[in-house]
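A.B. asks: Here is the input, now give the coordinates:
(2 chains)
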There are 2 protein chains.
Amino acid sequence: MESSTVDDPSIRHRSGTQIERVMQAIRSQIASRSLTPGAKLPSIRSTAEMMQVSKSTVVEAYDRLMAEGIIRSRPGSGFYSAAPLSPLSLAELAPRLDRSIDPFWVSRQSLEAGSDMLKPGCGWLPSHWMPEEEIRRSLRSLARLRDRTGLTDYGSPLGLTALRQYLSRRAAEQGFEAAPDQILLTDSGTQAIDLVCRLLLRPGDTVLVDDPCYFNFLALLRAHQVEVIGAPYTATGPDISLFEKALSDHRPRLYITNSGIHNPTGAALSAVTAHKLLKLAEAHDLLIVEDDIFADFEIDPAPRLAALDGLNRVVRVGSFSKTLSAAFRCGYIAGNRSWIDKLTDCRIATGFSSNRLSEELVLSVLSSGAYHKHKDALRARLAKARAATIPRLRSLGIEPWIEPKAGMLLWCRLPHGIDAAEVARHALADGAVLAPGNVFSPSQTAAGFLRFNVAQCADDRLFPILEKALRQTG
Amino acid sequence: MESSTVDDPSIRHRSGTQIERVMQAIRSQIASRSLTPGAKLPSIRSTAEMMQVSKSTVVEAYDRLMAEGIIRSRPGSGFYSAAPLSPLSLAELAPRLDRSIDPFWVSRQSLEAGSDMLKPGCGWLPSHWMPEEEIRRSLRSLARLRDRTGLTDYGSPLGLTALRQYLSRRAAEQGFEAAPDQILLTDSGTQAIDLVCRLLLRPGDTVLVDDPCYFNFLALLRAHQVEVIGAPYTATGPDISLFEKALSDHRPRLYITNSGIHNPTGAALSAVTAHKLLKLAEAHDLLIVEDDIFADFEIDPAPRLAALDGLNRVVRVGSFSKTLSAAFRCGYIAGNRSWIDKLTDCRIATGFSSNRLSEELVLSVLSSGAYHKHKDALRARLAKARAATIPRLRSLGIEPWIEPKAGMLLWCRLPHGIDAAEVARHALADGAVLAPGNVFSPSQTAAGFLRFNVAQCADDRLFPILEKALRQTG
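C.D. replies: Got it, this is the predicted structure:
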């Protein structure tokens, strides 16, 4: 570490504004959690290059941030965001009665909401849209299962063979090869991503996500104590030039994204973007997790990174919570064999075995003819819901960023100057859970957006609540 | 860091043996995984004090270990076990065809074993011992569930209220208070422990376990990249004076143990030991995870640390895999409210929601009169199996360390000089999965032990296989 220059008045005078600019940049990175608590700051040299200021300006800015208690130095090792990596650093995750609007806000409010609450901000379908009869039929058939061990014993390390074979066939239909032994079944799609993060990440690593992205990616990555950076998402995938810049500037190890239908925007990757993205990943040795959770809603399938890459540097994860049931959880990871082996050991160590009965149930519903019809019906129903919801939102000045081709999500811009978090607080008081934009945005630049779920917008009580909340905020 | 003294011949000469002794101590800690890859070594001063040698002797020993590539230094930060904390350090978890006998050996062999394999080393009951009819009945009743959301929707953040109420009542019967909102349902008992570790531990922390202990604790802690130390387990709980010494010497943050019936020894904590242990925990600010997985096998309940402590510094975890079913997984954490809140957010971030349908099923079986009878029958059946197995093992020279009062586990000493890992390799070739002692031992001092499961020893083919394996090894 260079010695402090805080007492050299010439420097103070010469570059006061630039010092303040560097300090402000670090402060906003900490506020937006691009720099998570305890994360290492870029070196003095690289900050100087990045912000085009002298190294002594950066030294001075870092010194002042240390004096403010915002960053700390470790001798010989650099500078760190000051919140400690202590055992209780998860205290920041503590729920509060006045819970701030953070990535947990939507999850907690949605999961805790009583049946009388409206949930246009939640990310799943109403219960009566789900294949209830098929689930009841599968439960009855499971009660008659011949092989007793399916009701009583631990599953095999990779999970139910017949379900992995089914997923392997489906992968082939989608244009890529994933043998059954390249598929690991997990307790959920979220657990699948978590396991991959456990294998590939260490605290202090950098991970690239879309901006905006699924809010729980941000919560998950926070739990892994990594730095998160975002690349702006466009209607055809990430903005490729900013994606490339993010790779060069920050050298992230991993990129986590949705395939098929992007959460929260409803956009889909174009073939051109997919190809460019993968070339960049190869050039920068970037690994990719492709979360395929909305696959069954797609009408014209978008290109899959996993298909282009052949499960080399891309890991595909998914689950059945969105179209089949969220009450019995089952996810999967498809990846190269060497990773699947390691992930299997990691799963044994941290969860022992997956849920064999849930896997039997999922397989029973998936492989029925009824599920196929159910998927078709869902797509048509969602198209209708989208067509009904968009004009009602527009009449309130809420404008969809794009009109998605499929899925339940609608990413909407509020009238100019209205803060979505404020709207969400007002709506919550009136019985509606909304999803304010900044919970999806690593850079906190989506304060003027709300994510709507068109399947949860049919209730006529919703729009007066929205109108009132906009009025109270505006 | 002090400068190297490697070139000072007087030191070399004076304390060559002592230097070698320090080097050997570090090497064995690395070999036994007391020092996990990347873990920080004790400081030069503390090693010197611990081993009663001069600091210069330790400096020299560390220098030589660096030259051998066994440890590394980070300037200003100390010395580290050399295997890198790099993203691929989990490579050590990679399965191999010639998989070494490590904590994964028993899990993998047992979980992968076909129905024709004998599994006296596995930690669960045979399928036909489980309450199959009650599970089938519960599945049929679930197929008729009135509340559709129980079949299709995510559960609430803490998990099924009725099951938490049931567990709260059961805790009260066992003498301690755990309100339903102090209970978090999880996907498994292992996940429960993993979540607690995520909340309380950081890489490089030290964790105390029993020696021997459940092998998957060692695998789990390895995944958390913490240092593991062991305190020898006696017939009435940990050896209290060595337990105290471990606390003073290593200042572990957490102690993980089994309550009720200890795995692998089948021993149980005495009231005196429980009381002393808790006093030491208070004095050393040690947190405790009490894994209560075998509770339903107990005949005379042993004291519970959670009951004595009132869920202050003790977290109780458990599951239903051992007596109800391992095919639908469900575990729980009972702890103080502030931890439960944080654990809930951590679970949302890393797994989103628990398995509501499994929770409904578990509750349905648990609350039936049939389950009560099933538990009674299991206890009687296990007592018979124990009485039948012990003499057959003794006739081969395999001697139980104690005769447990309850449960399926039997910790046995082999005839002098016979290596359990060798016996396990021979037996595996003949179709029997054994559990060799060192997979349970953090200090690797149980090479002469095997853990047997009396419920899996009824097959007459087993004993000839054992006899042959002993002969081949001895």
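
A.B. asks: dump the residue contacts of A:F79.
C.D. replies: A:40-41, A:62, A:66, A:71-73 (Cβ atoms under 8 Å, 6 or more residues apart in numbering or on different chains). C-betas here are computed from N, CA, C, even on glycine.

A.B. asks: Please indicate which of the residues you listed are buried?
C.D. replies: A:40-41, A:62, A:66, A:71-72 (16 or more other Cβ atoms under 10 Å in any protein chain shown).

A.B. asks: Out of the contacts of A:F79, flag the one nearest to chain B.
C.D. replies: Of all those, A:S73 has the smallest distance to chain B: 10.8 Å, by Cβ to the nearest Cβ.

A.B. asks: ok, the closest one touching A:A67?
C.D. replies: No - the pair A:S73 / A:A67 is not scored as a contact, 11.5 Å apart, by Cβ atoms under 8 Å.

A.B. asks: residue boundaries of the strands in chain A?
C.D. replies: Secondary structure of chain A (DSSP state E): strands at A:71-74, A:78-81, A:183-186, A:206-211, A:227-234, A:237-238, A:254-258, A:287-291, A:314-319, A:331-334, A:399-400, A:409-413, A:435-436, A:449-453.

A.B. asks: on that earlier part again, can the contacts of A:F79 go into TSV with extra columns for distance to B:P157 and pLDDT?
C.D. replies: Compiled in TSV, those are given as follows (distance: Cβ to Cβ, whole Å; pLDDT from 0 to 100):
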residue	distance to B:P157	pLDDT
A:K40	32	78
A:L41	34	83
A:Y62	40	88
A:M66	38	80
A:I71	34	82
A:R72	34	79
A:S73	39	78
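
A.B. asks: farthest pair in these?
C.D. replies: A:K40 and A:M66 (14.3 Å; Cβ to Cβ).

A.B. asks: one step back: including distance to B:D292, could the strands of chain A go into a markdown table?
C.D. replies: Formatted as a markdown table, the strands of chain A follow (distance: least, Cβ to Cβ, whole Å):
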| stretch | distance to B:D292 |
| --- | --- |
| strand A:71-74 | 41 |
| strand A:78-81 | 39 |
| strand A:183-186 | 25 |
| strand A:206-211 | 37 |
| strand A:227-234 | 37 |
| strand A:237-238 | 48 |
| strand A:254-258 | 36 |
| strand A:287-291 | 35 |
| strand A:314-319 | 30 |
| strand A:331-334 | 28 |
| strand A:399-400 | 52 |
| strand A:409-413 | 42 |
| strand A:435-436 | 39 |
| strand A:449-453 | 40 |
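
A.B. asks: So which of the ones you listed is nearest B:S81?
C.D. replies: Taking Cβ to Cβ, strand A:71-74 is the member of those nearest to B:S81, at 19.8 Å.

A.B. asks: Direction included, what does the closest one pair against?
C.D. replies: Looking at strand A:71-74 with DSSP bridges, its partner strands are strand A:78-81 (antiparallel).

A.B. asks: from the buried ones among the contacts of A:F79, which single one is nearest B:G407?
C.D. replies: A:K40 (48.1 Å).

A.B. asks: so the closest one touches A:G78, yeah?
C.D. replies: Yes - in this structure, A:K40 is within contact of A:G78 by Cβ under 8 Å, at 5.6 Å.

A.B. asks: Do you know the pLDDT at A:D8?
C.D. replies: Predicted confidence (pLDDT) for A:D8: 42.

A.B. asks: And the one 5 residues further on, by the same measure?
C.D. replies: Looking at A:H13, its pLDDT reads 43.

A.B. asks: And the one 3 residues further on, by the same measure?
C.D. replies: You'll see A:G16 listed with a pLDDT of 67.

A.B. asks: Over to the one 5 residues further on?
C.D. replies: In this prediction, A:R21 carries a pLDDT score of 82.

A.B. asks: For it, which residues are in contact?
C.D. replies: By Cβ under 8 Å, 6+ apart, the contact set of A:R21 is A:51, A:53.

A.B. asks: same thing but at 7 Å, please
C.D. replies: Residues counted as contacts of A:R21 (Cβ atoms under 7 Å, 6 or more residues apart in numbering or on different chains) are A:M51.
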